[in-house]
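> have a look at this fold, sequence not included:
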């Protein structure tokens, strides 16, 4: 994947440059982090890569035209009227019916499949967000501080689960 953001930002009532002359490439199988202070444009860069923000000059080149993208945001972004399993399956193509048993087992969600987001702790909701991202078997997985509001032991547990899921895909380096 390659991103080349020449100029981007749209704010209420005007336009300011949030990103300028940002360019980088991601190698297949790599685990790459954008690090910087709050407000420097990390989330904007992720939104551009996902195609959620299109008001910019520059381009994003995906590994292929049919590359599968997945994202995990700062908030789990679950639909409250859908069950855990329905929320995970939302990311899948309409005709896809993969067996999610192993994924739910790995994430400790097997007993929660029929639960609704309002019945879950934030820790479990974040696990559902992980499941939704990995269910599509993404070519590119983008994370926007997905464990930001969790206490350190919980965040560490979820980071370990993320790495376990990543390694299970056959990626051996990070």
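Ah, there it is. Remember, it's a predicted structure, so these values are computed and weren't measured experimentally. Numbers count the residues shown, from 1 in each chain.
> the residue sitting nearest the centre point of the chain - nearest residue in space that isn't next to it in sequence?
Closest residue to the average C-alpha location of the chain: residue 71 at 1.9 Å, with CA atoms, centre = their mean. In this structure, residue 71 finds its nearest non-sequential neighbour in residue 142, 4.5 Å apart by CB to CB, 6 or more residues apart in numbering. All C-beta atoms are positioned from the backbone trio N, CA, C, and that covers glycine.
> check which helix or strand covers that neighbour.
strand 140-143 (DSSP states H and E).
> what pLDDT does the model give the residue nearest to residue 67 when sequence neighbours are not counted?
Nearest non-adjacent residue to residue 67, counting by CB to CB, 6+ apart: residue 139, 4.4 Å away. As predicted, residue 139 sits at a pLDDT of 80.
> quick check, the residue nearest to the centre of the chain in contact with residue 43.
No: counting by CB atoms under 8 Å, residue 71 stays clear of residue 43, with 10.7 Å between them.
> tell me how far the residue nearest to the centre of the chain lies from residue 51.
10 Å (CB to CB, to the nearest Å).
> and for residue 165?
24 Å.
> between these two, which has more neighbouring residues?
residue 165 (18 against 10; other CB atoms under 10 Å).
> how near is the more buried one to residue 23?
29 Å.
> quick check: chain neighbours aside, which residue is closest to residue 108?
Nearest to residue 108 is residue 127, by CB to CB, 6+ apart, at 6.5 Å.
> count of neighbours near that neighbour?
Neighbours around residue 127, by other CB under 10 Å: 23.
> wait, doesn't it sit right on residue 158?
Yes: look at residue 127 against residue 158 with CB under 8 Å: they come within range, at 7.0 Å.
> ok, then the element right after the helix or strand containing residue 45?
Using DSSP H and E, residue 45 sits within helix 42-50. For helix 42-50, the following helix or strand on the C-terminal side (DSSP H and E) is strand 56-61.
> what residues sit buried inside that next one?
Of the residues in strand 56-61, those with enough neighbours to count as buried (16 or more other CB atoms under 10 Å) are 56, 58.
> contacting residues around the helix or strand that comes right after it?
Scanning forward in sequence from strand 56-61 by DSSP H and E, the next helix or strand is strand 69-72. Applying CB atoms under 8 Å, 6 or more residues apart in numbering, the external contacts of strand 69-72 come out as 46, 49-51, 62, 91, 126, 129-130, 132-134, 136, 138-144, 146.
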